[in-house]
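> This is a predicted model, with the sequence first.
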Amino acid sequence: MKFYQKEIQLEPFNRGFHLITRIILNQFEEIGNIEVGQLQVFIKHTSASLTINENADSSVRTDFENYFNRIVPDNNDYFTHTLEGTDDMPAHIKASVLSSSIQIPITNGKLNLGTWQGIFLCEHRNYGGSRRLVLTAFGI
Amino acid sequence: MKFYQKEIQLEPFNRGFHLITRIILNQFEEIGNIEVGQLQVFIKHTSASLTINENADSSVRTDFENYFNRIVPDNNDYFTHTLEGTDDMPAHIKASVLSSSIQIPITNGKLNLGTWQGIFLCEHRNYGGSRRLVLTAFGI
Amino acid sequence: MKFYQKEIQLEPFNRGFHLITRIILNQFEEIGNIEVGQLQVFIKHTSASLTINENADSSVRTDFENYFNRIVPDNNDYFTHTLEGTDDMPAHIKASVLSSSIQIPITNGKLNLGTWQGIFLCEHRNYGGSRRLVLTAFGI
């Protein structure tokens, strides 16, 4: 049984959806030691999130941002948690609709993703700053 | 390799979002035996769910309840699964938009959550009753 | 420690929500060898997804389809990722609102699901074709 864990800090991203598969792979080479297993990527924040989606066409990520801004608008008049700005409460909701954690199978030392799948960092704040991830990989 | 599992029953909660981090930690001290690993919390129901979000200001949880009631209203006229009450089908949808399972990394015997992260029990029914959770922790 | 992994291919499903618990159990008997553990089901696509919800009344699955079609309509005029058809970008969003991965505890060689819980394959495309799943089970 192998168990690896590493905490990494991302550069600040603009509000929106960003492909970070390569960043994670580059910083966590231990995945290559696992024949059969799983990777968990966990984000230690409540106003940014993680999801898996299309890795090819950046228009998907643009449409994600526009869709989620419409479905959870800033300036919702019934929100009461408004002290940290109009983008804060919507960010919390988006973070829970998407997720704080993704799990990906590992096969033969590689992430067993579909051809078109990539890992998105979803930055829901206007100025979210640097985000921390916990990477955990385990298997045999 | 360490592997612990425990099934627990929660007291009934009112419809809404409730912080249960402390309840889980108190009932699953085995987490303290794990240096590097993962906790899964799984809810054995389809009309209540789990998510990770802000643990400090209860207004976040109030706004969650109001948001999800608007986005998945009771009394949606096109719902056909209505036998168990108008709050039942919306509860099923909310449960899938949020999640039946959360995964949190364990580091040095503790949940490696961000400062502001807590575990929410999301009770989507008016009278959901007592809910059962399966807690599974593993690692080295 | 036991670690099993298998990749399976599903027959094509119509657009909509489909119960696949039995298909997974039939193709992954190794679950029976695990006393305490976890199953991960991962879908290698970005326009179909997985969730856990009610396994009894098919009206739940019908209402899911109708709900998600309203909340993420085809023909959204501001979508820019439209080359693959009007059902494609909505499919990507639904896939992230639901999930590409589910995790279920294993207890005494069986999935420790609640009485009413089943695994849904959520096919968001009109003609999604055959979908690939990676099944990973581990435990002691």
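Perfect, thanks for sending it. On a predicted model such as this, the values are computed, not experimentally measured, just so you know.
> per-residue pLDDT, the most centrally placed residue in chain A?
Against the mean C-alpha coordinate of chain A, by C-alpha atoms, centre = their mean, the closest residue is A:Leu50 at 2.2 Å. pLDDT, A:Leu50: 98.
> so which helix or strand takes in it?
Assigned by DSSP states H and E, A:Leu50 belongs to strand A:48-54.
> the helices in chain A, which residues?
A:21-27, A:58-71, A:88-97 (DSSP state H).
> so which of the ones you listed comes closest to chain B?
Proximity to chain B (C-beta to the nearest C-beta) singles out helix A:88-97 among the helices of chain A, at 4.3 Å. All C-beta atoms are positioned from the backbone trio N, CA, C, and that covers glycine.
> picking up where we left off before, bridging residues for the residue nearest to the residue nearest to the centre of chain A when sequence neighbours are not counted?
Nearest non-adjacent residue to A:Leu50, counting by C-beta to C-beta, 6 or more residues apart in numbering or on different chains: A:Ile102, 4.9 Å away. Using DSSP bridges, the bridge partners assigned to A:Ile102 are A:Val41.
> Quick check: mean pLDDT of stretch A:25-45?
98.
> Can you check the distance spanned by it, start to finish?
In stretch A:25-45, first residue to last residue: 21 Å (C-alpha to C-alpha, to the nearest Å).
> Of all the residues in that stretch, which ones are buried?
Judged by neighbour count using 16 or more other C-beta atoms under 10 Å in any protein chain shown, the buried positions of stretch A:25-45 are A:28, A:30-31, A:34, A:36-45.
> if we can go back for a sec, count the residues that sit near the residue nearest to A:Leu50.
22 (other C-beta atoms under 10 Å in any protein chain shown).
> And for A:Arg131?
Each residue near A:Arg131 was counted by other C-beta under 10 Å, and the total is 23.
> Can you check the pLDDT for it?
A:Arg131 is given a pLDDT of 98.
> Spit out the contact partners of the closest residue in space to it that isn't next to it in sequence.
If the residues on either side of it in the chain are set aside, A:Arg131 comes closest to A:Leu10, at 4.9 Å by C-beta to C-beta, 6+ apart. A:Leu10 makes contact with A:20, A:23, A:121, A:130-133, according to C-beta atoms under 8 Å, 6 or more residues apart in numbering or on different chains.
> Mind checking which of these land in strands?
A:121, A:132-133 (DSSP state E).
> quick one: which of the residues you listed is nearest to B:Asp88?
A:Leu121 (35.6 Å; C-beta to C-beta).
> contacting residues for that closest one?
A:10, A:13, A:17-18, A:20, A:43, A:48, A:50, A:131.
> name the helices or strands packed onto the strand holding A:Leu50?
Judged by 3 or more C-beta pairs under 8 Å, 6 or more residues apart in numbering or on different chains; DSSP states H and E, the packing partners of strand A:48-54 are strand A:36-43, helix A:58-71, helix A:88-97, strand A:101-107, strand A:117-123, helix C:88-97.
> Of the ones you listed, which is nearest C:Ile140?
strand A:36-43 (15.5 Å).
> coming back round to it: JSON lines for the helices and strands packed on strand A:48-54, including distance to C:Asn66?
Formatted as JSON lines, these follow (distance: least, C-beta to C-beta, whole Å):
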{"stretch": "strand A:36-43", "distance to C:Asn66": "32"}
{"stretch": "helix A:58-71", "distance to C:Asn66": "17"}
{"stretch": "helix A:88-97", "distance to C:Asn66": "19"}
{"stretch": "strand A:101-107", "distance to C:Asn66": "28"}
{"stretch": "strand A:117-123", "distance to C:Asn66": "27"}
{"stretch": "helix C:88-97", "distance to C:Asn66": "13"}
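> B:Glu84: which of these is closest?
Of all those, helix C:88-97 comes closest under C-beta to C-beta, at 23.7 Å.
> Counting by contacts, list what that closest one packs against.
Using 3+ C-beta pairs under 8 Å, 6+ apart, helix C:88-97 is in contact with strand A:48-54, helix A:58-71, strand C:48-54, helix C:58-71.
> again, only this time at 7 Å
strand A:48-54, helix A:58-71, strand C:48-54 (3 or more C-beta pairs under 7 Å, 6 or more residues apart in numbering or on different chains; DSSP states H and E).
> Now do the contacts for the residue in chain A positioned nearest to chain B.
Relative to chain B, the nearest point of chain A is A:Lys44 (3.2 Å; C-beta to the nearest C-beta). By C-beta atoms under 7 Å, 6 or more residues apart in numbering or on different chains, the contact set of A:Lys44 is A:132, A:134, B:113-114, B:117.
> Could you single out the nearest of the residues you listed to chain C?
Using C-beta to the nearest C-beta, these come closest to chain C at A:Val134, 16.5 Å.
> measure that closest one to B:Lys2 for me?
19 Å (C-beta to C-beta, to the nearest Å).
> Give me the nearest residue to A:Leu19, chain neighbours excluded.
Once flanking residues are discounted, A:Leu19 sits nearest to A:Gly118: 4.9 Å by C-beta to C-beta, 6+ apart.
> sorry, back to before: okay, A:Val134 and B:Lys2: which has more neighbours?
A side-by-side neighbour count of A:Val134 and B:Lys2, using other C-beta under 10 Å, places A:Val134 first with 22 against 15.
> Can I get stretch A:46-62 as PDB, trimmed to CA atoms?
The C-alpha atoms that make up stretch A:46-62 are tabulated as PDB, following Å, rounded to 0.1, in the frame of the first residue of the first chain:
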ATOM      1  CA  THR A  46     -15.300  27.800   0.700                       C
ATOM      2  CA  SER A  47     -15.400  30.300  -2.100                       C
ATOM      3  CA  ALA A  48     -13.500  28.400  -4.800                       C
ATOM      4  CA  SER A  49     -14.000  24.900  -6.000                       C
ATOM      5  CA  LEU A  50     -13.000  22.000  -8.200                       C
ATOM      6  CA  THR A  51     -14.700  20.100 -11.000                       C
ATOM      7  CA  ILE A  52     -13.800  17.900 -13.900                       C
ATOM      8  CA  ASN A  53     -14.800  19.000 -17.400                       C
ATOM      9  CA  GLU A  54     -13.700  19.600 -21.000                       C
ATOM     10  CA  ASN A  55     -10.000  20.200 -21.400                       C
ATOM     11  CA  ALA A  56      -9.900  21.300 -25.100                       C
ATOM     12  CA  ASP A  57     -12.000  24.300 -25.900                       C
ATOM     13  CA  SER A  58     -11.700  27.300 -23.600                       C
ATOM     14  CA  SER A  59     -15.200  28.400 -24.600                       C
ATOM     15  CA  VAL A  60     -16.600  25.700 -22.300                       C
ATOM     16  CA  ARG A  61     -14.900  27.500 -19.400                       C
ATOM     17  CA  THR A  62     -16.300  30.900 -20.500                       C
END
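> Done for today, thanks.
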